[in-house]
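Visitor: test case, fold it:
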Amino acid sequence: MSFLELDRVGKSFGPNTAVEEFSLTVGKSEFVSFLGPSGCGKTTTLQMIAGFLDPSQGAIRLEGKDLVAIPPAKRGLGIVFQSYALFPHMTAAENVAFGLEMRKVPRKERDERVRAALALVGLAGYEDRHPRRMSGGQQQRVALARALVIRPNVLLLDEPLSNLDARLREDMQIELRQIQRNLGTTTILVTHDQIEAMSLSDRIVVMSKGRIEQIGTPQEVYERPASAFVAQFLGKTNEFAAHADVSGASARLIAGSWSGPAPVGVSGAATISIRPERISFGASGLSARIQSRIFQGNHWLFQCETECGPAIVIRQNDGQTQPEQGEAVHLAWQAADMSVRATRGGS
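Guide: Here you go, the predicted structure:
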């Protein structure tokens, strides 16, 4: 039995459908991210799990029990919002203790759990500090401690790191993942940040226009995107028009001057998707010319014009000589590094 299950869940607001046919099973201790652009339905789905919105259809079950029938306050869920929602007149300890007070946990146990929760998020010694005297990262830690101190069945995170600067966000991603692994708390994160989702998650649910585009591990959705949307949303990607020639002894996939074995089941018109870092400069391959090259510290970014249209190539700064702007090159890649999908109108 799955720990948390969403079975064909949908949500409509009048004639507008926000979430449609959303089905997902989440294992105990798993970290799952809902990833997609604004308006794709990820926060609406999270709010249905939390109980702030009722589904228009479908079922949500926690350990086999109907979660929709349980009031939000009694679902045993921990929630961290984008704004943190701390009480400004309360100290860090008082903020963290609030949920325990509502549950009438005895004072001695409450104090012990608050101290432990603050220590867990690296805020031992900050018990008496008010939010206005804390940095954004410290406030985020207080909000996380407040959610964890109640020992939730599921931790729900609604873009909790989006208000932090880039360096602090990266640090907090590492800390959040370590805390989650140590506690084993089942966690669902809503984010529009692809790097954040890939850094934190066991699995990612990629959403678009209220529907699930793909569910998989970070490596699966990045390296084997199930649709053009997933390929384009998760980082940079190159797409080349190709066709599969099955007239010879072995089927070949051809894109301009590049060719390779055609995947099983692919025939006719197709589209090749290949990540920029998977492309190398070789003696043969897709003919191209370097339009510009940009040094970005640990790597070079090349903008190329090819027989099949524009392309981006990323090569690590490993000390090797790199092509110059205006130079004619060939782009090469391994068949295992590309994904191929049939183009509409192909057989």
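Visitor: and the helix or strand harbouring I49, what other elements does it pack with?
Guide: According to DSSP states H and E, I49 maps onto helix 42-50. If contacts are counted by 3 or more CB pairs under 8 Å, 6 or more residues apart in numbering; DSSP states H and E, helix 42-50 sits against strand 4-13, strand 16-26, strand 31-35, strand 77-80, strand 154-158, strand 186-191, strand 203-208. Using the backbone N, CA and C atoms, a C-beta is placed for each residue, glycine as well.
Visitor: how about a markdown table for those strands, with mean neighbour count, distance to A124 and mean pLDDT added?
Guide: Converted to a markdown table, those look like this (neighbours: other CB atoms under 10 Å; distance: least, CB to CB, whole Å; pLDDT from 0 to 100):
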| stretch | mean neighbour count | distance to A124 | mean pLDDT |
| --- | --- | --- | --- |
| strand 4-13 | 18 | 32 | 97 |
| strand 16-26 | 18 | 32 | 97 |
| strand 31-35 | 26 | 25 | 97 |
| strand 77-80 | 24 | 20 | 92 |
| strand 154-158 | 23 | 21 | 94 |
| strand 186-191 | 24 | 23 | 96 |
| strand 203-208 | 24 | 33 | 98 |
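Visitor: for the ones you listed, which one sits closest to H89?
Guide: Closest approach to H89 among these (CB to CB): strand 77-80, 20.1 Å.
Visitor: what bridges to L62?
Guide: Beta-bridge partners recorded for L62 (DSSP bridges): L4, K65.
Visitor: burial count for it?
Guide: 20 (other CB atoms under 10 Å).
Visitor: who's in contact with it?
Guide: Shown in contact with L62 (CB atoms under 8 Å, 6 or more residues apart in numbering): F3, L4, E5, R75, N153, V154.
Visitor: show me the chain divided up by domain.
Guide: 4-231, 236-342 (automatic domain parsing).
Visitor: deepest of the ones you listed, which one?
Guide: Highest mean neighbour count among the domains of the chain (mean count of other CB atoms under 10 Å): domain 4-231, with a mean of 18.
Visitor: report the distance from that one to the chain centre.
Guide: Domain 4-231 sits 13 Å away from the centroid of its parent chain (CA atoms, centre = their mean, to the nearest Å).
Visitor: now the end-to-end length of it.
Guide: Start-to-end span of domain 4-231 (CA to CA, to the nearest Å) is 28 Å.
Visitor: how about stretch 328-336?
Guide: First-to-last residue span, stretch 328-336, CA to CA: 25 Å.
Visitor: from here on, call the first residue 709.
Guide: Sure, I'll start counting at 709 from here, so that last one is stretch 1036-1044.
Visitor: tell me the mean pLDDT over it?
Guide: The average pLDDT within stretch 1036-1044 is 93.
Visitor: may I have stretch 1011-1027 as CSV, with CA atoms only?
Guide: Taking Å, rounded to 0.1, in the frame of the first residue of the first chain, the C-alpha atoms of stretch 1011-1027 are listed here in CSV:
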residue,chain,number,x,y,z
GLN,A,1011,26.0,29.3,-30.0
CYS,A,1012,26.1,27.5,-33.3
GLU,A,1013,24.2,27.6,-36.6
THR,A,1014,23.7,24.1,-38.1
GLU,A,1015,22.1,22.5,-41.1
CYS,A,1016,19.1,21.8,-38.8
GLY,A,1017,18.9,25.2,-37.2
PRO,A,1018,20.5,26.9,-34.2
ALA,A,1019,22.1,24.9,-31.4
ILE,A,1020,23.8,25.4,-28.1
VAL,A,1021,26.8,23.5,-27.0
ILE,A,1022,28.3,23.5,-23.5
ARG,A,1023,31.8,22.2,-22.9
GLN,A,1024,33.6,22.0,-19.6
ASN,A,1025,36.6,24.4,-19.0
ASP,A,1026,39.1,21.6,-18.8
GLY,A,1027,42.1,23.5,-20.3
